[in-house]
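> Fold the following and give me the result.
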Amino acid sequence: MSIWEYANPVKFMRTSGAVLPWLVGATAICLPAGLIWGWSVPEDYKQGATVKIMFLHVPSAMMAINIWVMMLVASLIWLIRRHHVSALAARAAAPIGAVMTVVALVTGAVWGQPTWGTWWEWDPRLTSFLILLLFYLGYMALWSAIENPDSAADLTGVMCLVGSVFAFLSRYAAHFWNQGLHQGSTISVAPGDRISSVYSYPLYTCMLGFFLLFVTLLLIRTRTEIRRRRTAALLAREMRA
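Numbers count the residues shown, from 1 in each chain. The predicted structure is shown next:
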């Protein structure tokens with residue numbers, strides 16, 4: 001069995017329809033469990049109760065970046081192999097990524113105000129995140145502005161390549177510039193504890209919940225895009241008849 005088989009819209013619809021109920025159930029369990037667990041952790045000795053914003057901020061920021069990476073991969077598949085499902089999946093992911101970016105920016109501002117004394121600072125990571133949001137909005141606007149879906153997929157694919165620079169900067173800006181206010185990564189594969197297990201376990205649960213939420217919404221929205229494309233093709237065929 002090849003992964004390219006799922007580029008067939010019929011097989012994708014059949015497989016995603018079978019998987020969706022399980023994903024919805026897993027998301028409904030994991031995401032609330034992680035958020036409730038995170039809300040019940042003790043206050044931090046420095047940041048107090050505001051540390052609990054982390055359980056929304058970190059997963060949403062992680063997903064905002066990784067969703068753009070997923071869009072990049074899907075766009076490359078479209079540009080190289082011309083599989084329509086991958087182009088529609090990239091389009092379906094964009095609004096989800098934009099919402100995740102907004103959540104990350106808002107929760108970051110709420111978390112940063114008592115810590116930094118300001119709601120906003122032109123910090124490298126914050127600025128690159130804001131630019132990433134603008135790329136999400138531009139990507140969606142470009143899809144809506146072009147009538148021909150293949151041309152729209154081509155142009156948005158190129159735009160996705162350019163926007164990937166800012167997705168990369170959003171992830172690693174704190175490593176490139178030391179003058180920013182934003183702290184280093186809360187979670188790292190490098191040796192040494194950056195965060196107590198009291199906070200890390202519910203945080204990992206929230207991250208898993210956000211990931212499952214994204215996959216669930218992605219499949220739902222991709223299925224909707226496929227149906228919309230089929231409907232447009234049928235209408236166009238009737239108009240020519």
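> in the protein, which helix or strand is least confident?
Among the helices and strands of the chain, helix 149-176 carries the lowest confidence by mean pLDDT, DSSP states H and E, at a mean of 78.
> and the angle for the very next helix or strand once past that one with helix 149-176?
Beyond helix 149-176 on the C-terminal side, the first helix or strand identified by DSSP states H and E is helix 197-240. Angular relation of helix 197-240 and helix 149-176 on a 0 to 180 degree scale: 160 degrees, by axes from the mean of the first three to the mean of the last three C-alpha atoms, to 10 degrees.
> just checking, what packs against helix 197-240?
helix 9-39, helix 54-81, helix 84-116 (3 or more C-beta pairs under 8 Å, 6 or more residues apart in numbering; DSSP states H and E). C-betas here are computed from N, CA, C, even on glycine.
> and the angle from the next helix or strand after the last one to helix 84-116?
Under the assignment DSSP H and E, the closest C-terminal helix or strand after helix 84-116 is helix 124-145. Per the same axes, to 10 degrees, the angle that helix 124-145 makes with helix 84-116 is 150 degrees.
> okay, helix 124-145 in PDB with CA atoms only?
Taking only C-alpha atoms (Å, rounded to 0.1, in the frame of the first residue of the first chain), the coordinates of helix 124-145 have been written out as PDB:
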ATOM      1  CA  PRO A 124      12.000  39.000  17.400                       C
ATOM      2  CA  ARG A 125       9.800  36.000  18.200                       C
ATOM      3  CA  LEU A 126       6.600  38.100  18.700                       C
ATOM      4  CA  THR A 127       7.300  40.100  15.500                       C
ATOM      5  CA  SER A 128       7.900  37.000  13.400                       C
ATOM      6  CA  PHE A 129       4.700  35.500  14.800                       C
ATOM      7  CA  LEU A 130       2.700  38.600  13.800                       C
ATOM      8  CA  ILE A 131       4.200  38.300  10.300                       C
ATOM      9  CA  LEU A 132       3.200  34.600  10.200                       C
ATOM     10  CA  LEU A 133      -0.400  35.600  11.000                       C
ATOM     11  CA  LEU A 134      -0.300  38.100   8.100                       C
ATOM     12  CA  PHE A 135       0.900  35.300   5.800                       C
ATOM     13  CA  TYR A 136      -1.900  33.100   7.000                       C
ATOM     14  CA  LEU A 137      -4.400  35.900   6.200                       C
ATOM     15  CA  GLY A 138      -2.700  36.600   2.800                       C
ATOM     16  CA  TYR A 139      -2.800  32.900   1.900                       C
ATOM     17  CA  MET A 140      -6.500  32.700   2.500                       C
ATOM     18  CA  ALA A 141      -7.200  35.900   0.700                       C
ATOM     19  CA  LEU A 142      -5.200  34.700  -2.300                       C
ATOM     20  CA  TRP A 143      -7.200  31.500  -2.500                       C
ATOM     21  CA  SER A 144     -10.400  33.500  -2.400                       C
ATOM     22  CA  ALA A 145      -9.300  36.100  -5.000                       C
END
